[in-house]
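Asks: Output the structure for:
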Amino acid sequence: MPLERAWETNDGALARSWALAGRGIARKTIWDAAEDLRAGRLQVLLPDYSVAEAGVHAVFQGTRYMAPRVRRLLDFLIERFDHASEELLPGSPPRLP
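Replies: The predicted structure follows:
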C-alpha cells in the first residue's frame, strides 16, 4: 500500500475497529487488546519488539501503617496482573513488587 493511502488515528477505539476489520496493524496496550487476543480476533505481531507497558499504579496514603486488607489487595493485584501479562505475552519480564 502506498504511504499516501495509509490510515492513521489517535483514537484507540477506531484503531481497534480498523484492525478487527482487517484494515491493518494497530499498536495497542496488552490490556486494551486482551479480550480480542483471548477470543482470537487479534494476534500479537512482533512479540520480541513489544514496548513495556505504562503499568497500573495503586495510590494510597503514605504512612508507616498499612492496613492488612490493603496489603492483601495490593498483593492480589500484583499477582493477578503478573499472571494475566504472562498469559497474554508468554515470556514477558516479571513485574517488580
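
Asks: Against which helices or strands is the longest helix along the chain packed?
Replies: What stands out as the longest helix in the chain, according to DSSP state H, is helix 68-88. Applying 3 or more CB pairs under 8 Å, 6 or more residues apart in numbering; DSSP states H and E, we find helix 68-88 packed against helix 30-39. Yep, even glycine has a C-beta here, placed from its N, CA and C like the rest.

Asks: quick one: the helix it packs on to helix 68-88, angle?
Replies: In this structure, helix 30-39 runs at an angle of 50 degrees to helix 68-88, with axes from the mean of the first three to the mean of the last three CA atoms, to 10 degrees as the basis.

Asks: Give me the buried positions along helix 30-39.
Replies: Within helix 30-39, the residues that qualify as buried by neighbour count (16 or more other CB atoms under 10 Å) are 30, 33-34, 36-37.

Asks: Could you identify the most distant pair in these?
Replies: Among those, the pair separated by the greatest distance (CB to CB) is I30 and D36, at 10.8 Å.

Asks: before we move on, back to that, dump the buried residues of helix 30-39 to JSON lines, plus pLDDT and distance to W18.
Replies: Written out in JSON lines, the entries for these read as follows (pLDDT from 0 to 100; distance: CB to CB, whole Å):
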{"residue": "I30", "pLDDT": "77", "distance to W18": "19"}
{"residue": "A33", "pLDDT": "85", "distance to W18": "13"}
{"residue": "A34", "pLDDT": "84", "distance to W18": "18"}
{"residue": "D36", "pLDDT": "92", "distance to W18": "13"}
{"residue": "L37", "pLDDT": "88", "distance to W18": "16"}
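
Asks: which one of the residues you listed sits closest to G22?
Replies: Closest approach to G22 among the buried residues of helix 30-39 (CB to CB): D36, at 12.9 Å.

Asks: Let's verify the residue lying closest to the closest one once chain neighbours are set aside: helix, strand, or coil?
Replies: Computed as CB to CB, 6 or more residues apart in numbering, the closest residue to D36 that is not its neighbour in sequence is L42, at 4.1 Å. Per DSSP: H, G, I helix; E, B strand; the rest coil, the local secondary structure of L42 is coil.
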